[in-house]
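> below are the sequence and a predicted model for it; my questions follow.
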Amino acid sequence: MCVQGADESRAEPWETAAVLVPAAQNGDALAMDELLALVTPYVTRLCRPIAPHDAADAVQESLLAVFKGLRGLRDPRAFYAWVRTVTVREAVRVARRTGAEEPADPVDLARLGGLRAGTDGELSADVRDALARLPVRHRAVLVLRELEGLDEAAVAEHLGVARGTVKSRLHRARTSFRKAWSR
Amino acid sequence: MSVDPVRRLRVLAEGLHAGLYAEEFLPLSYDRVWAIAADLQTELPYLLPFLREFRVPPGDADRKEAVAVGRSGLSETFEVRLSPGWCLMQSRRVVGGMAAVPEAGGTRFAVLGATRPAALRPVQWLYGHLLGERRGRAFLRRVAERAAVR
């Protein structure tokens, strides 16, 4: 996993997090603040494509949920995977609260061929726009599968749905993509 | 996208299960309000009635070590992180924080107080339910009063 936003000359983010998490769990506010600064770019990167209209709220809700539940995290090295689970759940919840569940525009879906993060770890604006037009459940699947590189079983586990559901959602998104591409 | 200082303090309050957290819109300019909050040595003893002195080394460093002296005479060393709109202070036993952002012609201001040792968590929970909100509002009121006359 590549986590953007950290200084590359320093330790990998998950190694830094593994040191900060136990201190933060013990009530060290300075360590907690460092952990917050470390993980915010990653949370933002996940929230933007899933909740593009409400990204700031999704980031805030995700961070609140992450730090509220931090004491319950047993393995500090699992921090980022746990953050991803919590963030996707919160971002989907925020997007569903306010976002329009409109079907994707096939022309915009055609752009999903470029669904990869740029060098700064952010999706390009046109890919984000295309994602914004997908139903929330498809956005979450695509972000986890294409951007985070998770397999279908892991995506299903993250979203709390059956593996077959993930497969069918991906199939529908890709079918729309092919139709748009052949025009 | 970065999280603004008030949102950042709210996340820390959640993570620390802080007994004291309050946030309010103050109809005063950000510069005026933050001038009070950032002047720790002069203003903290006015803002916290149990504090007699708060000694901060001079200079603009964003990381400092300060000494708090209570009315009882007991002193405690704090690590302080101070930057525009943000102040986080931590001793072995206590955490304190303030944050501010400009908002609609005024300032959104937040204050946090938490205890550190795990043994004090039940006390903090009880304090939070009984007094935390009221103490937090009182702190914000004193900030506004000090900023209005500055």
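All right, it came through fine. Keep in mind that this is a model prediction, so the values were computed, not measured.
> residue 45: neighbour count?
This is for chain A. 24 (other CB atoms under 10 Å in any protein chain shown). (Each C-beta comes from the backbone N, C-alpha and C, glycine too.)
> that was the other one, I meant chain B.
Using other CB under 10 Å, B:Pro45 is surrounded by 17 other residues.
> ok, now which ones touch it?
Contacts for B:Pro45 (CB atoms under 8 Å, 6 or more residues apart in numbering or on different chains) come out as B:Leu51, B:Arg52, B:Glu53, B:Phe54.
> repeat that for 10 Å
Going by CB atoms under 10 Å, 6 or more residues apart in numbering or on different chains, B:Pro45 touches B:Leu51, B:Arg52, B:Glu53, B:Phe54, B:Ala68, B:Val69, B:Arg71.
> need the max-distance pair from those.
Pairwise distances among the contacts of B:Pro45 were taken by CB to CB; the largest, 12.4 Å, belongs to B:Phe54 and B:Arg71.
> and those two? Which one has more around it.
Ranked by neighbour count (other CB under 10 Å), B:Phe54 and B:Arg71 place B:Phe54 first, with 20 against 12.
> the more buried one should be in a helix, yeah?
No. According to DSSP: H, G, I helix; E, B strand; the rest coil, B:Phe54 belongs to no helix; its state is strand.
> wait, it sits on B:Glu43?
Yes. Shown here, B:Phe54 and B:Glu43 form a contact pair, counting by CB atoms under 10 Å, at 8.6 Å.
> who touches both of these two?
What both B:Phe54 and B:Glu43 touch, as defined by CB under 10 Å, 6+ apart, is an empty set.
> quick revisit: so which of the contacts of B:Pro45 comes closest to A:Gly72?
Of these, the one sitting nearest to A:Gly72 (CB to CB) turns out to be B:Ala68, at 32.3 Å.
> backbone dihedrals for the closest one, please?
phi -100, psi 130 (degrees, to the nearest 10).
> same check on the one 5 residues further on?
In terms of degrees, to the nearest 10, the main-chain angles of B:Gly73 are phi 100, psi -10.
> quick check: it touching B:Arg52?
Yes. Using CB under 10 Å, B:Gly73 makes contact with B:Arg52 at a distance of 7.7 Å.
> tell me which of these two has more neighbours.
More neighbours surround B:Arg52 than the other of B:Gly73 and B:Arg52, with 14 against 7 (other CB under 10 Å).
> just the pLDDT for that one.
Looking at B:Arg52, its pLDDT reads 94.
> give me every residue that touches it.
B:Pro45, B:Ala68, B:Val69, B:Gly70, B:Arg71, B:Ser72, B:Gly73, B:Leu74, B:Ser75.
> so which of the contacts of B:Pro45 is the closest to chain A?
B:Ala68 (15.5 Å; CB to the nearest CB).
> ok, now which ones touch that closest one?
B:40, B:44-45, B:48, B:50-56, B:74-78, B:89, B:91, B:94, B:96 are the contacts of B:Ala68 under CB under 10 Å, 6+ apart.
> PyMOL command for the buried members of those?
Typed into PyMOL, the line below selects the buried ones among these, using 16 or more other CB atoms under 10 Å in any protein chain shown:
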select buried, chain B and resi 40+44+45+48+54+56+78+89+91+94+96
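> so B:Glu43: helix, strand or coil?
helix.
> need the nearest residue in space to it, chain neighbours excluded.
B:Ile36 (5.2 Å; CB to CB, 6 or more residues apart in numbering or on different chains).
> which helix or strand contains that neighbour?
helix B:30-38 (DSSP states H and E).
> so what touches the longest helix along chain B?
When chain B is parsed with DSSP state H, its longest helix is helix B:133-149. Among residues not part of helix B:133-149, those counted as contacts by CB under 10 Å, 6+ apart are B:13, B:18-37, B:39, B:42-43, B:46-49, B:96, B:98, B:100, B:107, B:109-113, B:127-128, B:131.
> figure out how far it is from the centre of its chain.
11 Å (CA atoms, centre = their mean, to the nearest Å).
> compute the inter-axis angle for that helix and helix B:30-38.
120 degrees (axes from the mean of the first three to the mean of the last three CA atoms, to 10 degrees).
> okay, buried residues for helix B:133-149 please.
For helix B:133-149, using 16+ other CB under 10 Å, the buried residues are B:Arg135, B:Gly136, B:Phe139, B:Leu140, B:Arg142, B:Val143, B:Ala144, B:Arg146, B:Ala147.
> if we can go back for a sec, the residue nearest to B:Glu43 and chain A: what is the separation?
22 Å (CB to the nearest CB, to the nearest Å).
> could you check the pLDDT of that residue?
For B:Ile36, pLDDT reads 96.
> do you know how far A:Gly27 is from chain B?
4 Å.
> which secondary element of chain A has the worst mean pLDDT?
In chain A, no helix or strand scores lower on mean pLDDT, DSSP states H and E than helix A:106-109, which sits at a mean of 53.
> still on that earlier bit, adding pLDDT, write the buried residues of helix B:133-149 out as a markdown table.
Shown next, in a markdown table, are these (pLDDT from 0 to 100):
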| residue | pLDDT |
| --- | --- |
| B:Arg135 | 86 |
| B:Gly136 | 89 |
| B:Phe139 | 94 |
| B:Leu140 | 95 |
| B:Arg142 | 95 |
| B:Val143 | 96 |
| B:Ala144 | 95 |
| B:Arg146 | 94 |
| B:Ala147 | 94 |
